[in-house]
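Chemist: coordinates for the following, if possible.
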Amino acid sequence: MLSRIILPSKHLSPFVHHYWVMRFDGHPIEMTIMPTGCMKWMFHREKPFAVNGIYEASNVASVCGQYHAAANVSTFEHADLLFVFFHPYALKIIMGMPCNMFSSTNVDMDYLGIPEFKLLKRMVLDAKTDDGAIAIIENFITQRLALNNDFETIKRMMAVCSEIDHHPSSSIDTLADRACLGERQFRRFFEEYVGMTPKMMIRTKRCLQACRSIQSLQITDFKDIVYRLGFTDHSHLNKEFKAFAGMSPSEYMEHIRHIQQENFLRGYRAYHK
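Modeler: Numbers count the residues shown, from 1 in each chain. A predicted model of the protein is given here:
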């Protein structure tokens, strides 16, 4: 397995979090991946994965919306993927459409009805190298940003997402204040720009931080996660984590040990960066 993270150009870093390249040599693989709180573009340069047991051979370039729960992915084929991970607030201004319309689904770029995205799909899939594909993507994003000027709202959502990252137990009132918006208007803007409710983003970020701690395989018990991330007790952690990951923290640790034995833990961690 080859996996690497590529950072965006400096002028796109407020919008693109990172690029992630992953290749498999045909070794069978099955894993549970977690919601990351980031929307993505996904390009399959070989056959696509099966997601939750469903295989769509034609969906080789898609917009991946915000997922609320973990997904099971598997493949028995060679795999060659390129993901574009966007900051949570960024994709609406690039796509020009509300992000909540992509909730819990992957939408084929051909189905968007936008000729520019059909061309992007073809050019990226035809690119000979990772760097060439990323250069095409960055040029496309730069052109799309030039068509939009709603950067004031972007700044507000950026401040809110930063608050959630640093304080995953923040109240909705606190987040609305950070956005300088009334609560009702804030909720509407947040869902439109981020693709999920503020409450769901808080849960996602908190559970994702718990996942990253477990991925270190240094956890001897879960007390540190409970108190550091603001869960009321171990029972609260178990309930929230199971709704998020589909398994208990202990079961997830066993899953991570299996991934380590299969020698793709490094790539798995990179996906959840």
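
Chemist: chain center to the lowest-mean-pLDDT helix or strand in the chain, what's the gap?
Modeler: One helix or strand of the chain scores below all others by mean pLDDT, DSSP states H and E: strand 54-55, with a mean of 76. Here the centre of strand 54-55 is set off from its chain's centre by 20 Å, with Cα atoms, centre = their mean, to the nearest Å.

Chemist: downstream neighbour of that strand in the secondary structure list?
Modeler: Proceeding C-terminally, strand 54-55 gives way to strand 61-64 as the next helix or strand, assigned by DSSP states H and E.

Chemist: next one: stretch 207-218 to chain centre, how far?
Modeler: Worked out by Cα atoms, centre = their mean, stretch 207-218 lies 16 Å from the chain centre.

Chemist: could you pull out the strands in the stretch 1-150 of the chain for me?
Modeler: Per DSSP state E, counting those that start in this stretch, the stretch 1-150 of the chain carries strands over the ranges 2-6, 16-25, 29-33, 40-44, 50-51, 54-55, 61-64, 71-75, 78-86, 106-108.

Chemist: so of the ones you listed, which one's packed in deepest?
Modeler: Neighbour counts (mean count of other Cβ atoms under 10 Å) averaged over each of the strands of the stretch 1-150 of the chain peak at strand 61-64, with a mean of 23. Any C-beta I mention is one placed from the backbone N, CA and C, and that applies to glycine too.

Chemist: which secondary structure elements does that one sit against?
Modeler: Packing contacts for strand 61-64, counted by 3 or more Cβ pairs under 8 Å, 6 or more residues apart in numbering; DSSP states H and E, involve strand 40-44, strand 106-108, helix 115-126.

Chemist: want to throw these into JSON lines with mean pLDDT and distance to residue 259?
Modeler: Formatted as JSON lines, the helices and strands packed on strand 61-64 follow (pLDDT from 0 to 100; distance: least, Cβ to Cβ, whole Å):
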{"stretch": "strand 40-44", "mean pLDDT": "95", "distance to residue 259": "20"}
{"stretch": "strand 106-108", "mean pLDDT": "92", "distance to residue 259": "22"}
{"stretch": "helix 115-126", "mean pLDDT": "96", "distance to residue 259": "28"}
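
Chemist: of all the ones you listed, which one is nearest residue 89?
Modeler: Nearest of the helices and strands packed on strand 61-64 to residue 89, taken as Cβ to Cβ: strand 40-44 at 14.1 Å.

Chemist: can you list the strands that the closest one pairs with?
Modeler: Take DSSP bridges as the rule and strand 40-44 pairs in its sheet with strand 61-64 (antiparallel), strand 78-86 (antiparallel).

Chemist: picking up where we left off before, check which helices and strands the least confident helix or strand of the chain sits against.
Modeler: Going by 3+ Cβ pairs under 8 Å, 6+ apart, strand 54-55 lies up against no helix or strand.

Chemist: okay, now the unreliable bits of the protein?
Modeler: Within the chain, the stretches with pLDDT under 70 are 1, 26.

Chemist: coming back round to it: the strands paired with strand 40-44: which one's closest to residue 9?
Modeler: Nearest of the strands paired with strand 40-44 to residue 9, taken as Cβ to Cβ: strand 78-86 at 12.6 Å.

Chemist: tell me the angle that closest one makes with strand 16-25.
Modeler: Using axes from the mean of the first three to the mean of the last three Cα atoms, to 10 degrees, the direction of strand 78-86 lies 170 degrees away from that of strand 16-25.
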